[in-house]
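# Return atomic coordinates for the entry below.
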Amino acid sequence: MKKIAKLLIFVSVILLSVVTATDSVQSASSKADEKSKVTYSLKNGILTIQGKGKMPKNTTIKNKKKIKKVVIKKGITSIPKKAFYGCCRLEQVSIPKTVKKIGRESFGGTAIRKIKIPTSVKTIGEYAFINCKNLKKVTMPGDIKVKYGDEGSDSLSCNIIETIKFNTDFNPRSAAYFKTNNLEVMKNDSKFQSIDGVVYSKNGKSIVRVPNQRKNVEIISGCTEFCIQSVIYCGYYWEGSGNNGCRKLETITIPETVNSVNSKKYKTDYLEREDYSSMTPILRTKKLKGEDYSEILHYFSALDANKLAEQLPDQIKIADEMCISKDGVLLKYLGKDRIVTVPYGVRRIGSYAFTDCSAIYENVKTVNLSDTITSIGAYAFYNTKIVFSKLPKNLKKIEVGAFMESGGFENNEIVIPDSVQEIEAWAFGYIRWKKLTIPASVKRIGDYAFSSYNNKRMVTVQGKTKNISSFAFCGWYWENNKNGDKLLIDFEKGIKNSQTCLFIKGYKFCEGEEETVMQLRWAKIRNISGYQIQISTNKKFQKNTDIILAGKGETYYHAKMKLNKGTTLYARIRPYKVVKGRKTFGKWTSAKTD
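The predicted structure follows:
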């Protein structure tokens, strides 16, 4: 008995010592946490974490103020939310390559000066380094995913980090995760290089990302492409993050080697334009084209047309309240006349030329376009009250949103000249029209190019235009009108060239009934016998496909199918005509689902 008693005392002492060694951490354990078998010990200010699997959720660390260093051993796979939050004396952290995930605010409020996030980490929670005031350098993967919370931020820190160094290939969206003065990509990065903390393409021809805390930047000589997204950018998800774009940038000097401007390249999610009122481009180059100047004027409000002309007097002139480039592009109208006549010789209305001018909304009512104009740039007349009488007879291209939400056309009729070859998305979007003629010269019409506020409309397609979007003529009223809008399309070249517009009003799974409901609407096609509809769970319509025939006067179909929850439905439609007892079919719309 005495031997047994001594043995029990000995075991108790061992257990007590284990509890003492691990008393620095308490965990609200779960079955998953128990399986992870992670242990902790704190000795001489060093917190050691070892084991296999995830660190337990809701981990609470005692004696936070004593922790100066954290060593996470190989085998640990994740660091939970707020794991070391508030460890105010913590200066060093060692993270092994087995870790794949770091939680939200995990190192917030610590005293770390630099940290290396291994290449194994795929996800970091937002604000992982919030209030780390001593943190000056972060080494991290170049294509990491930030997991955002209820606030919708993609920021990892609210304080300025001097240098962000990437240990895998760089993704441009990663530039927005921190406030920083320097971005350093790997020397062997496959696509990019860093010069003076600024990211360029591998060959140095394009500027990719400027650190968002810089005040002045001079683009390197030899760069040939100024990418506007290099200074106006956002992260992966949320455009409201305080780290997005170079809001502190005052000047960016564009060298004489630059010969083009690109506003779309290296663009990440959502953000296209911000009001960078303090940022002024300084142009040393004389190699840009008129449309390049249009882009610069639009994206940088601090540089107005007069200041641009002062910088480049031999490239840009201002006369009769019109800013015109040497190569014949109307960059901006600066006046307030009710009737504006574009002078003969102008070959292009530049992008945004009449947009963003407050005077346009109230004063300019009519713009007469000269017949020397061959193209109209993106959003050139967007959201103005201007009414047009006709389009230039030599016009070839109408770009995205060119007349979108403008005053429209006289007599609600749009006559496209037979010189036009391409009409891009939303070109005439949300203006009032009742009659539209598409000449045979047109080769392509983009999405919603002629969406309209009017209900009753007539479209005549004169040629065999092959590339017409299924949504080219979709109307405003389709969303609320069971019969769609009263749109009639006449394809003069016959049934084989005919194609309707398809709109899906509703698509939902009815719980308890095991039933999926889909409501289809489409535009009427002239001189046909009816429509063939296909609904399928397969995008290529190769299985589980229902085939329905609808009459020539119908524009609506209510479909019900018994499917498992989460199943995706696809639909398409084409017109047909019966000739001598045989059906001849038109073109399918693209496979459509909501």
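
# what's around residue 114, how many residues?
Close neighbours of residue 114, defined as other C-beta atoms under 10 Å, add up to 17. C-betas here are computed from N, CA, C, even on glycine.

# quick check, residue 533 in a strand?
Yes. Assessed with DSSP: H, G, I helix; E, B strand; the rest coil, residue 533 lies in a strand.

# ok, which stretches of the stretch 1-150 of the chain are helices?
Ranges of helices in the stretch 1-150 of the chain, per DSSP state H, counting those that start in this stretch, are 2-21, 31-36.

# Now do the first one, average pLDDT.
In this model, helix 2-21 has a mean pLDDT of 41.

# Below-threshold pLDDT in the stretch 401-550 of the chain: ranges please.
Applying pLDDT under 70 to the stretch 401-550 of the chain flags the ranges 475-485, 505-516.

# and if you look at the stretch 151-300 of the chain?
By pLDDT under 70, the low-scoring segments of the stretch 151-300 of the chain are 151-154, 235-243, 269-277.

# can you do 50?
Within the stretch 151-300 of the chain, the stretches falling below the threshold (pLDDT under 50) are 237-240.

# how about the helices in it?
Using DSSP H, counting those that start in this stretch, helices in the stretch 151-300 of the chain cover 290-299.

# Skipping its backbone neighbours, what lies nearest residue 457 in space?
residue 487 (5.0 Å; C-beta to C-beta, 6 or more residues apart in numbering).

# ok, that neighbour - contacts?
Residue 487 is in contact with 457, 459, 473, 475, 501, 523-524, counting by C-beta atoms under 8 Å, 6 or more residues apart in numbering.

# rerun that using 10 Å as the cut-off
Contact analysis of residue 487 by C-beta atoms under 10 Å, 6 or more residues apart in numbering lists 450, 452, 454-459, 473-475, 477-478, 500-501, 522-525, 555.

# Derive a PyMOL selection command for the buried subset of those residues.
Applying 16 or more other C-beta atoms under 10 Å to the contacts of residue 487 leaves a buried subset, and the PyMOL line that selects it is:
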select buried, resi 450+452+454+455+457+458+459+473+474+475+477+478+500+501+522+523+524+525+555
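
# Just the ones of the contacts of residue 487 in strands?
Of the contacts of residue 487, the ones assigned to strands by DSSP state E are 457-459, 522, 524-525.

# Now distance to residue 227 too, for the residues you listed, in JSON lines please.
Formatted as JSON lines, the ones in strands among the contacts of residue 487 follow (distance: C-beta to C-beta, whole Å):
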{"residue": "457", "distance to residue 227": "40"}
{"residue": "458", "distance to residue 227": "44"}
{"residue": "459", "distance to residue 227": "39"}
{"residue": "522", "distance to residue 227": "41"}
{"residue": "524", "distance to residue 227": "45"}
{"residue": "525", "distance to residue 227": "44"}
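
# Now for those: which two are most distant?
Across the ones in strands among the contacts of residue 487, the two members that end up farthest from each other (C-beta to C-beta) are 458 and 522, 15.9 Å apart.

# Give the buried residues for stretch 438-445.
438-439, 441-442, 444-445.

# Could you tell me how far it lies from the centre of the chain?
Chain-centre distance of stretch 438-445: 29 Å, with C-alpha atoms, centre = their mean, to the nearest Å.

# how close does the residue nearest to residue 457 sit to residue 66?
Residue 487 is 74 Å from residue 66, where distance means C-beta to C-beta, to the nearest Å.

# And for residue 224?
Distance from residue 224 to residue 66, counting by C-beta to C-beta: 56 Å.

# cool, and residue 300?
From residue 300 to residue 66 the distance is 52 Å (C-beta to C-beta).

# Looking at these two, which one has more neighbours?
Set residue 300 next to residue 66 and count neighbours by other C-beta under 10 Å: residue 300 wins out with 23 against 17.

# from memory the more buried one sits against residue 294, does it?
No. Using C-beta atoms under 10 Å, residue 300 is not in contact with residue 294; the gap is 11.6 Å.

# Mind listing the shared neighbours of these two?
Common neighbours of residue 300 and residue 294 (criterion: C-beta under 10 Å, 6+ apart): none identified.

# Quickly list what residue 227 is bridged to.
As for beta bridges, residue 227 partners with residue 262 under DSSP bridges.

# residues touching it, list them.
Residues near residue 227 by C-beta under 10 Å, 6+ apart: 172, 200-201, 206-209, 233, 260-267.

# what's the first-to-last distance across stretch 246-259?
End-to-end distance for stretch 246-259, by C-alpha to C-alpha, to the nearest Å: 23 Å.

# Among the contacts of residue 227, which lie within strands?
Under the assignment DSSP E, the contacts of residue 227 contribute 200-201, 207-209, 260-262 to strands.

# among those residues, which two are most distant?
Spatially, the most separated pair among the ones in strands among the contacts of residue 227 is 209 and 260, at 18.0 Å (C-beta to C-beta).

# Compare those two (neighbour count), which wins?
More neighbours surround residue 209 than the other of residue 209 and residue 260, with 26 against 17 (other C-beta under 10 Å).

# separation between the more buried one and residue 135?
Using C-beta to C-beta, we find residue 209 at a distance of 20 Å from residue 135.

# cool, and residue 431?
Separation of residue 431 from residue 135 (C-beta to C-beta) stands at 53 Å.

# For the stretch 351-500 of the chain, just list every one of the helices.
Taking DSSP H, counting those that start in this stretch to define them, one finds helices in the stretch 351-500 of the chain at 358-362.

# how much space between the closest residue to residue 94 other than its chain neighbours and residue 48?
Ranked by C-beta to C-beta, 6+ apart and with sequence neighbours excluded, the top spatial neighbour of residue 94 is residue 71, at 4.8 Å. Distance of residue 71 to residue 48, given as C-beta to C-beta: 5 Å.

# hey, what's in contact with both of the two?
Common neighbours of residue 71 and residue 48, counting by C-beta under 10 Å, 6+ apart, are 41, 94.

# Output stretch 428-439 as PDB - backbone C-alpha positions only.
What follows is stretch 428-439, C-alpha atoms only, in PDB (Å, rounded to 0.1, in the frame of the first residue of the first chain):
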ATOM      1  CA  PHE A 428     -27.000  53.400 -76.800                       C
ATOM      2  CA  GLY A 429     -28.000  52.000 -73.500                       C
ATOM      3  CA  TYR A 430     -31.000  53.400 -71.600                       C
ATOM      4  CA  ILE A 431     -32.000  56.100 -74.000                       C
ATOM      5  CA  ARG A 432     -35.400  56.500 -75.600                       C
ATOM      6  CA  TRP A 433     -35.900  55.200 -79.100                       C
ATOM      7  CA  LYS A 434     -38.700  53.500 -81.000                       C
ATOM      8  CA  LYS A 435     -37.100  52.800 -84.400                       C
ATOM      9  CA  LEU A 436     -33.700  51.400 -85.200                       C
ATOM     10  CA  THR A 437     -32.100  50.400 -88.400                       C
ATOM     11  CA  ILE A 438     -28.900  48.200 -88.400                       C
ATOM     12  CA  PRO A 439     -27.200  48.300 -91.800                       C
END
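
# just checking, residue 546 touches residue 535?
Yes. Here residue 546 reaches residue 535: they are 4.7 Å apart, a contact under C-beta under 10 Å.

# When the two are compared, which one has more neighbours?
The neighbour comparison of residue 546 against residue 535 (other C-beta under 10 Å) goes to residue 535, with 22 against 14.

# quick one: contacts for the more buried one?
For residue 535, the contacting residues are 516, 518, 520, 541, 544-548, 557, 559, 561, 569-573, 593, by C-beta under 10 Å, 6+ apart.

# Mind giving me the PyMOL select for these, buried ones only?
Restricted to buried positions by 16+ other C-beta under 10 Å, the PyMOL selection for the contacts of residue 535 reads:
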select buried, resi 516+518+520+541+557+559+561+569+570+571+572+573
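
# Which ones among the contacts of residue 535 map onto helices?
Among those, no member falls in helices (DSSP state H).

# Out of the contacts of residue 535, which sit inside strands?
516, 518, 520, 546-548, 557, 559, 561, 570-573.

# now those as CSV including distance to residue 341?
Output for the ones in strands among the contacts of residue 535, formatted as CSV (distance: C-beta to C-beta, whole Å):
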residue, distance to residue 341
516, 57
518, 51
520, 47
546, 57
547, 56
548, 54
557, 50
559, 53
561, 58
570, 50
571, 48
572, 47
573, 45
